[in-house]
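Chemist: Below are the sequence and a predicted model; questions follow.
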Amino acid sequence: RSTSFTKPTEEHLKDLKAILSTPTSLLSTLDGSATPDDLASYNDDWMNKYHGKSPIVVKPRTTEEVSKVMKYCYEKGLAVVPQGGNTGLVGGSNPVHDEIILNISNLNKIRSFDEVSGVLVADGGVILEAADHALAEKGFIFPLDLGAKGSCHIGGNVATNAGGLRLLRYGSLHGSVLGLEVVLPDGTIWDGLSKLRKDNTGFDLKQLFIGSEGTIGIITGISIHCPRRPAAMNVAVFSLDSYEAVQKVFAEAKGHLGEILSAFEFFDKQSYALVKKHQEENGGERKVFDQEGDFYCLIETGGSNAEHDEAKLTGLLEHLLGTEMVLDGVLAQDSTQFQSLWSLRELVPESAGKAGSVYKYDVSVPVGKMYGLVEKMRAKLREGGVLEGDGNPEGPIRAVAGYGHMGDGNLHINIVANKYSDEVEKIIEPYVYEIVAENDGSISAEHGLGVMKAPYIGYSKNDVSIEMMRKIKTLFDPKGLLNPYKYII
Ligand code: FAD
Ligand code: 2HG
Ligand code: ZN
C-alpha cells in the first residue's frame with residue numbers, strides 16, 4: 001500500500017455522507033452499516049481472482065455528486081477506484097488495498113436520442129443491454145455487443161474501449177463515440193458531450209479517455225453514434241477439422257457475404273466441451289451437430305432484406321458443405337435458434353469459470369498465427385508438468401481453451417486450473433507475453449491492462465510511448481489518486 005494515500009476513516013465517511021443526497025448511496029464497514037460480505041461484490045472481481053479491501057463504496061446519483069466526491073477525495077488524498085458493472089477481466093475495477101470504490105450504477109438515465117442522426121446521449125452507468133433495448137424500440141442498435149451486456153455499463157465499455165462481438169461490423173468505440181462528460185480527479189467536470197461527427201478544432205480529447213481504464217477521469221456521460229438495426233439478422237455455426245479450414249472459411253465468408261457479414265467468431269473443441277458440460281449441468285443440453293470437429297466458427301449476418309441475406313448465407317453454407325471445407329453446419333431457423341447458436345460462443349467465458357479458476361489471456365496477433373499460440377501454451381504447460389494431455393479434471397490444469405474474435409485477429413486463451421497458484425502463473429507468465437511480442441502482437445487486444453498486465457506493458461509499447469502515457473497521467477492526476485497500482489505503474 002502506497003503511504004502517500006490517506007487511510008479512509010469514519011471521519012471521511014461522515015463527510016462523504018454529508019455530500020451525498022441519499023444515505024443509500026453509501027455502504028461502509030467503518031460505521032457497521034455494512035459487513036465485509038455486503039461489500040464483497042464490489043471488492044471482488046468477476047473471476048474471483050482479485051480481492052480488494054475497501055471499507056467504503058460510494059454510489060453517487062448525479063454528475064455533480066461525482067464531482068463533489070472526487071473534489072473531497074482529491075483534497076484529502078484518498079485514492080479512488082471507478083467501478084462500472086464490475087465485469088472487467090484484468091482486475092481494473094476493484095481496489096488493490098483500501099481505495100474508495102466509486103460505483104456509478106446510479107447514473108443510469110438515457111438523456112436523449114436523435115432518430116435522424118442516430119446519436120444517443122446517456123449516463124455512463126446505463127447497462128449496455130438496457131441501452132440496446134431502448135435503441136431497438138426506435139429501430140437502432142448499440143454499436144457494441146458482448147457477453148457481459150446484462151451487467152456491464154456503457155461508461156465501463158468506453159473506459160475499457162471494449163471490442164466485443166461485432167467490432168468487425170461497427171468498428172471500435174474510438175470511431176463511434178462522439179463525446180464524453182468526464183469528472184476529472186480534482187472534481188472538475190469536463191463537458192465534452194459533443195454530438196458532432198466532424199470536429200477538427202484541436203486535440204480530440206475524448207480519445208484519451210476511451211480505453212483509459214479509470215486512471216484519468218470518471219466517465220459520467222456518453223454521446224455515441226448508433227446505426228440502424230439490421231432488419232434481418234441470421235447466424236450459422238460450422239464444425240471444422242483444422243484451424244487452416246477456419247481461415248479458409250473466413251476468407252470465403254467475406255467474399256460471399258460482403259457487406260452483410262456482421263461477426264466471425266471461432267472456438268476450439270475444448271471451448272465447445274466446456275460449454276456443453278455447463279449446459280448439461282443446467283439441463284439445457286441438446287445435440288447441435290451430426291459431426292463435431294476440432295474447431296467451430298460462427299458467422300452472423302445483418303442486412304436490410306431477409307430473403308436476400310438468407311439466400312446469401314444458404315449459398316455460403318451449400319458451398320462450404322459441397323467443397324467439404326466444413327464438416328457440418330447449422331443455420332438458425334428462428335430467433336430462439338439464433339440465440340442458442342450464439343450461446344455456444346458467448347457462454348465460453350462463463351462455462352470456463354464454472355469449470356475452475358481461469359487464467360485469461362486476450363491478445364492480438366495476425367490471424368494466421370492465432371491458434372499457434374494456444375498450441376505453444378499447451379506445450380509449455382505440459383513441459384512445466386501441470387498439463388496432462390488436453391487437461392485432467394483432477395490435475396492442476398483442467399483445460400486450455402482457445403477462441404475469439406477471428407475477424408479482428410483477437411484470440412482468447414482460457415487456462416482452467418483447479419486453483420490460482422504461483423506455480424502455474426509462473427509457467428504461463430511472462431512466457432505468454434513473450435510469444436505475443438515475438439509475433440508483433442498486443443498483450444491486450446480488448447480487455448485492457450488493469451492490475452494484471454500493468455507490469456507487462458513493455459511487451460507491447462516502447463519506452464517513448466510509456467513515457468508519454470506517464471506524462472498524460474500526471475497531467476490529469478498529479479497525486480496519482482485515481483485507480484492506482486494499475487495501467488502504467
Ligand atoms: P468495470 O469492470 O466496472 O471496469 C472496468 C475498468 O473501467 C476499470 O478499470 C474501471 O476502473 C473502469 N471504469 C468503469 N466504469 C468507469 C467509468 N464510468 N469511468 C471511468 N472508468 C470506469 N470485453 C471486451 O472487450 N469484449 C468482449 O467480448 C467481452 N466479453 C465479456 C464477456 C464476459 C462474460 C465478461 C465477464 C466480460 C467480458 N468483457 C469483454 C470484459 C468486460 O465486460 C468489458 O471490459 C466491459 O467493457 C467492462 O465494463 P464494466 O462496466 O463492467 O466495467
Ligand atoms: C469474449 O470474447 C470475452 O467472450 C471474454 O472477451 C473472453 O473470458 C475471456 O477470456
Ligand atoms: Zn472477447
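Modeler: In hand now; what should we look at? Ligands and ions are numbered 1, 2, ... in the order given.
Chemist: residues in contact with Thr62?
Modeler: Going by C-beta atoms under 8 Å, 6 or more residues apart in numbering, Thr62 touches 21, 107. In this view, the C-beta of every residue, glycine as well, is placed from N, C-alpha and C.
Chemist: now it: how far from Tyr431?
Modeler: Distance of Thr62 to Tyr431, given as C-beta to C-beta, to the nearest Å: 47 Å.
Chemist: what does Lys254 give?
Modeler: Taken as C-beta to C-beta, the span from Lys254 to Tyr431 is 33 Å.
Chemist: what residues does the stretch 1-150 of the chain put near ligand 1?
Modeler: Residues of the stretch 1-150 of the chain found near ligand 1 (C-beta under 6 Å from any ligand atom) are 46, 81-89, 92-93, 104, 124, 146-148.
Chemist: So which of those residues belong to strands?
Modeler: 81-83 (DSSP state E).
Chemist: Which of these ranks first by neighbour count?
Modeler: When those are compared by neighbour count (other C-beta atoms under 10 Å), Gln83 ends up highest, at 31 neighbours.
Chemist: residues in contact with Glu429?
Modeler: So Glu429 contacts Tyr456 (C-beta under 8 Å, 6+ apart).
Chemist: Now do it against Thr314, distance only.
Modeler: 45 Å.
Chemist: Thr87 now?
Modeler: Distance from Thr87 to Thr314, by C-beta to C-beta: 36 Å.
Chemist: In terms of neighbours, single out the busier of the two.
Modeler: Set Thr87 next to Thr314 and count neighbours by other C-beta under 10 Å: Thr87 wins out with 23 against 13.
Chemist: close enough to count as contact, the more buried one and Asn94?
Modeler: No: in this structure, Thr87 is not within contact of Asn94 by C-beta atoms under 8 Å, at 11.4 Å.
Chemist: Distance check, Leu146 against Ser444.
Modeler: On the measure of C-beta to C-beta, Leu146 and Ser444 end up 15 Å apart.
Chemist: what about the closest residue to ligand 1 within the stretch 201-350 of the chain, how many neighbours?
Modeler: Closest residue of the stretch 201-350 of the chain to ligand 1, C-beta to the nearest ligand atom: Gly214 (2.8 Å). Using other C-beta under 10 Å, Gly214 has 27 neighbouring residues.
Chemist: Could you pull up the residues touching it?
Modeler: Neighbours of Gly214 in contact, by C-beta under 8 Å, 6+ apart: 81-83, 92-93, 159, 482-483.
Chemist: need those residues in a markdown table with pLDDT, can you?
Modeler: Formatted as a markdown table, the contacts of Gly214 follow (pLDDT from 0 to 100):
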| residue | pLDDT |
| --- | --- |
| Val81 | 98 |
| Pro82 | 98 |
| Gln83 | 98 |
| Gly92 | 98 |
| Ser93 | 98 |
| Ala159 | 98 |
| Leu482 | 98 |
| Asn483 | 98 |
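Chemist: mind giving me the domain ranges of this structure?
Modeler: Domain assignment of the chain by automatic domain parsing yields the ranges 10-106, 110-225, 232-348, 356-447.
Chemist: From the contact counts, what lies against the longest helix along the chain?
Modeler: In the chain, taking DSSP state H as the definition, the longest helix is helix 306-322. For helix 306-322, the packing partners by 3 or more C-beta pairs under 8 Å, 6 or more residues apart in numbering; DSSP states H and E come out as strand 232-240, helix 243-257, strand 295-303, strand 328-331.
Chemist: what inclination does it have with respect to strand 295-303?
Modeler: Orientation check (axes from the mean of the first three to the mean of the last three C-alpha atoms, to 10 degrees): helix 306-322 against strand 295-303 gives 160 degrees.
Chemist: Contacts for helix 306-322 next, please.
Modeler: Counting by C-beta under 8 Å, 6+ apart, residues outside helix 306-322 touching it are 231-232, 234, 236, 238, 249, 252-253, 256-257, 260, 299, 301-303, 325-326, 328-329, 331.
Chemist: got a pLDDT number for the most far-flung residue of the chain relative to its centre?
Modeler: Computed with C-alpha atoms, centre = their mean, the maximum C-alpha offset from the centroid of the chain is found at Gly322, amounting to 37.1 Å. At Gly322, the model reports a pLDDT of 95.
Chemist: Likewise for the one 10 residues further on?
Modeler: At Ala332, the predicted lDDT confidence score is 94.
Chemist: Then Lys254?
Modeler: Looking at Lys254, its pLDDT stands at 96.
Chemist: Repeat that for Gly91.
Modeler: pLDDT, Gly91: 98.
Chemist: Gly124 now?
Modeler: Model confidence at Gly124 (pLDDT) stands at 98.
Chemist: again, but for Lys287
Modeler: pLDDT, Lys287: 88.
Chemist: Count the residues that sit near it.
Modeler: Neighbour tally, Lys287, other C-beta under 10 Å: 7.
Chemist: roughly how far apart are it and Phe264?
Modeler: As judged by C-beta to C-beta, Lys287 and Phe264 stand 24 Å apart.
Chemist: can you check Asn410 too?
Modeler: 11 Å.
Chemist: List the buried residues in stretch 246-254.
Modeler: 246-250, 252-253 (16 or more other C-beta atoms under 10 Å).
Chemist: possible to save those residues as JSON lines with distance to ligand 1?
Modeler: Shown next, in JSON lines, are these (distance: C-beta to the nearest ligand atom, whole Å):
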{"residue": "Val246", "distance to ligand 1": "18"}
{"residue": "Gln247", "distance to ligand 1": "21"}
{"residue": "Lys248", "distance to ligand 1": "24"}
{"residue": "Val249", "distance to ligand 1": "21"}
{"residue": "Phe250", "distance to ligand 1": "18"}
{"residue": "Glu252", "distance to ligand 1": "24"}
{"residue": "Ala253", "distance to ligand 1": "19"}
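Chemist: Same list, those, but as JSON lines with distance to Asp37 please.
Modeler: Shown next, in JSON lines, are these (distance: C-beta to C-beta, whole Å):
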{"residue": "Val246", "distance to Asp37": "45"}
{"residue": "Gln247", "distance to Asp37": "48"}
{"residue": "Lys248", "distance to Asp37": "52"}
{"residue": "Val249", "distance to Asp37": "48"}
{"residue": "Phe250", "distance to Asp37": "47"}
{"residue": "Glu252", "distance to Asp37": "53"}
{"residue": "Ala253", "distance to Asp37": "48"}
